[in-house]
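In: sharing a model prediction with you, sequence too.
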Amino acid sequence: MRHRTDGSGRTAGLVPALAALLILSFVVSGPAQAREGPTVGEAPQKAETGFVPHPTDIHVQSWVEGLEAPWSLIFLSPQRALVSERPGRIRLIRKGELQAEPYARIDAAAIGEGGLLGLEAHPDFPEPPLIYAMYTHQENGELFNRVQRFRDTGQGLEPGRIVLDRIPGARYHNGGRLGFGPEGKLYVTAGENFRAEMAQDRDNLAGSILRVRPDGSIPKDNPFPDSPIWSYGHRNPQGLAWHPQTGDLFASEHGPSGEFGLQGHDMVNVIRKGRNYGWPEEIGAAGLEAFEDPLVLWKETTPPSGMAFWRGDLYVATLRSEALMRIDLEREAGSYRVFRIQGLFASERGKGVFGRLRAAVAGPDGALYVLTSNRDGRGQPREGDDRILRITPAEEASEP
């Protein structure tokens, strides 16, 4: 029994005519596109998604407000956190207060879904005091994605070594999530730039999850010689999370938004070394031996982004669904079984209390933090947006 899949980028805000042009250009852009489409499988999980607009077992409050398209949040200590804004600003949060001036500015190409995306701290932070950022940049009119590390001086960030560069970039599907695994290696999600054939081409870094040492060098135990590729066949992965007991890597991924006449099919995968996750040859649990099937598949348009394990469950921030997906799962027979999926803070898909959600992060204080994404050009900003929500168990909120 195999389980794996994810979900990312979507052209939700495009008018129909532009979407049609994009799909047409997708189909004719290369020989690999001239095909009937992927083999489509069913959802592997039996659990249906139920929506809970006002969950009673947790308490939610607005922690930080007034952000612009926040993408990633990292905690440097219980008192200090950094949040990235897609236009190219890194903001400092000190003792729960957003500082007025940016902690750092990065010359990011905030075009479409690109810009300043993932942040991560060195696993031994503050010694060394290194911060990693992934961002889109423009070179001779062409877009690329780059991972660069910075030194935290306590007053700001000083630019340092470029860890990975020339990851293919585009207006859509840049991936963007960073995360250090339990073994101290840096993982990077890269989208396929709305060019599906790139996800099956291991000669480029698009459509892959990448793995490097903290200095950017390639680990000897990577699956492909002299390559940072850890897994491939991804469309647009935007979330990474490691199971707290098993250490297994989970990733979220956006399914198609018009390619081959398909919509939705957003996923969560369990990522295995060197495995092929199918796009654009397979999508869903089709059971083809060459590809890994997803753990969770939502046939309806959901796109999941950043996610985190918290209090035993996997929490996945979603965009179009405007829900925080709470996935109850357990290890079973060498894989995982999903028992229940709840879409928190939404009465149904697309009708959420807080709008689009970009990331979920477990904080050092035991709370879960969730970033909204309503000022990214595709949402409808509410008062205070964009914001970071702080979620705690309901019993803690009721304590005197």
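Out: Arrived safely, thanks for sending.
In: when you work out contacts or count neighbours from here on, use the C-alpha atoms and nothing else.
Out: Noted.
In: for stretch 149-159, which outside residues touch it?
Out: By C-alpha atoms under 8 Å, 6 or more residues apart in numbering, the residues outside stretch 149-159 that reach it are 103-104, 129-133, 148, 160-163.
In: is the residue most central in space within the chain in a helix, a strand, or coil?
Out: Note on the chain: the residue nearest the mean C-alpha position is Q238, at 2.0 Å, using C-alpha atoms, centre = their mean. Three-state assignment for Q238 (DSSP: H, G, I helix; E, B strand; the rest coil): strand.
In: what does V188 give?
Out: Of the three states, V188 takes strand under three-state DSSP.
In: ok, it - contacts?
Out: So V188 contacts 176-179, 209-211 (C-alpha under 8 Å, 6+ apart).
In: from H265, how far off is it?
Out: Plainly put, V188 is 22 Å away from H265 if you go by C-alpha to C-alpha, to the nearest Å.
In: just give the nearest non-adjacent residue to R390, would you?
Out: Y369 (4.7 Å; C-alpha to C-alpha, 6 or more residues apart in numbering).
In: measure that neighbour to S77 for me?
Out: Distance of Y369 to S77, given as C-alpha to C-alpha: 14 Å.
In: which stretches of this structure form helices?
Out: For the chain, the helices defined by DSSP state H cover 16-28, 394-397.
In: returning to what we had before: surely the residue nearest to R390 meets A360?
Out: Yes. Assessed by C-alpha atoms under 8 Å, Y369 is found in contact with A360 at 5.6 Å.
In: can you pull the pLDDT of T5?
Out: pLDDT for T5: 35.
In: can you give me the neighbour number for P159?
Out: Counted with other C-alpha atoms under 10 Å, the neighbours of P159 add up to 16.
In: any idea which of the contacts of V188 is the one closest to T49?
Out: Using C-alpha to C-alpha, the shortest approach to T49 within the contacts of V188 belongs to R177, at 25.0 Å.
In: wait, what's in contact with the closest one?
Out: For R177, the contact set (C-alpha under 8 Å, 6+ apart) comprises 72, 117-119, 134, 188-189, 237-240, 306.
In: need the max-distance pair from these.
Out: Across the contacts of R177, no pair lies farther apart than L119 and P237, at 15.3 Å, counting by C-alpha to C-alpha.
In: higher neighbour count, those two?
Out: Comparing L119 with P237 by neighbour count (other C-alpha under 10 Å), the higher total belongs to P237, at 37 against 25.
In: bridged to the more buried one, which residues?
Out: Applying DSSP bridges to P237 yields these beta-bridge partners: E253.
In: neighbour count added to the contacts of stretch 149-159, as JSON lines?
Out: JSON lines is the format used below for these (neighbours: other C-alpha atoms under 10 Å):
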{"residue": "Y103", "neighbour count": "19"}
{"residue": "A104", "neighbour count": "19"}
{"residue": "P129", "neighbour count": "17"}
{"residue": "L130", "neighbour count": "22"}
{"residue": "I131", "neighbour count": "24"}
{"residue": "Y132", "neighbour count": "23"}
{"residue": "A133", "neighbour count": "24"}
{"residue": "Q148", "neighbour count": "20"}
{"residue": "G160", "neighbour count": "13"}
{"residue": "R161", "neighbour count": "13"}
{"residue": "I162", "neighbour count": "16"}
{"residue": "V163", "neighbour count": "19"}
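In: what's the farthest-apart pair in the residues you listed?
Out: The largest separation in the contacts of stretch 149-159, counting by C-alpha to C-alpha, is between Y103 and V163 at 20.8 Å.
In: N236: neighbouring residues, count only.
Out: When neighbours are defined as other C-alpha under 10 Å, N236 has 37 of them.
In: low-confidence stretches in the stretch 251-400 of the chain?
Out: For the stretch 251-400 of the chain, the stretches with pLDDT under 70 are 397-400.
In: for it, just list every one of the strands.
Out: Taking DSSP state E, counting those that start in this stretch, the strands of the stretch 251-400 of the chain run over residues 266-271, 282-283, 296-298, 304-310, 313-318, 324-332, 335-344, 346-348, 351-352, 357-362, 368-372, 388-393.
In: sheet partners, orientation included, of the fourth one?
Out: When you say that, I think you mean strand 304-310. Strand pairing for strand 304-310, determined by DSSP bridges: strand 313-318 (antiparallel).
In: and the angle from the strand it pairs with to strand 266-271?
Out: Here strand 313-318 points in a direction 130 degrees away from that of strand 266-271 (axes from the mean of the first three to the mean of the last three C-alpha atoms, to 10 degrees).
In: then strand 313-318 to PDB, C-alphas only?
Out: Extracted C-alpha coordinates of strand 313-318, given in PDB (Å, rounded to 0.1, in the frame of the first residue of the first chain):
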ATOM      1  CA  ASP A 313      -2.400  16.200  14.000                       C
ATOM      2  CA  LEU A 314      -1.300  17.600  10.700                       C
ATOM      3  CA  TYR A 315      -2.500  21.200  10.100                       C
ATOM      4  CA  VAL A 316      -2.500  22.400   6.500                       C
ATOM      5  CA  ALA A 317      -3.200  26.000   5.500                       C
ATOM      6  CA  THR A 318      -5.300  26.200   2.300                       C
END
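In: cool, thanks, signing off.
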